[in-house]
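[1] model the structure of this input:
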Amino acid sequence: MIPVGETADGVVFNIRVIPRASRCELAGIQGDALKLRITAPPVEGAANKECIRFLSDILGVKQSQVKIIAGHRSKNKKVSVSGIHRKDIEGVV
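    Predicted structure coming up:
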């Protein structure tokens, strides 16, 4: 299980993104991060948009609730999801 921090309005956790994959999927855990494979290339924010879309789908929240708060140009990112709790993440991952 990855470390998930609770904030006043939601949760914060780390992800590791593998761009240009054949399909979007959860690929396990790497270190302290949730590993995601996404189809988008890391060009002009396309991979970040795809990460937000994919995470919102698997967590069952709106895309506006998912924000990348650190690592916009890195494979290692910190994500904030508002409106959910730690137990909601544990059910998915």
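
[2] buried sites along the longest strand along the chain?
    Secondary structure of the chain read by DSSP state E shows that its longest strand is strand 10-18. When burial is assessed from 16 or more other C-beta atoms under 10 Å, strand 10-18 yields the following buried residues: 10, 11, 12, 13, 14, 15, 16, 17. Using the backbone N, CA and C atoms, a C-beta is placed for each residue, glycine as well.

[3] who are the contact partners of the last one?
    It stands for residue 17. With contact taken as C-beta atoms under 8 Å, 6 or more residues apart in numbering, residue 17 is in contact with 36, 38, 42, 47, 51, 75, 76, 77.

[4] which of the residues you listed sit farthest apart?
    Farthest pair in these (C-beta to C-beta) is 38 and 76. Separation: 14.2 Å.

[5] tell me which of the two has more neighbours.
    Taking neighbours as other C-beta atoms under 10 Å, residue 38 and residue 76 compare with residue 38 leading, 24 against 14.

[6] secondary structure element for the closest residue to that one other than its chain neighbours?
    Once its chain neighbours are removed from consideration, residue 38 has its nearest residue in residue 50; the separation is 4.5 Å (C-beta to C-beta, 6 or more residues apart in numbering). With elements delineated by DSSP states H and E, residue 50 resides in helix 46-59, which encompasses its position.

[7] now do the buried residues in that helix.
    Within helix 46-59, the residues scored as buried using 16+ other C-beta under 10 Å are 47, 48, 50, 51, 52, 54, 55, 56, 59.
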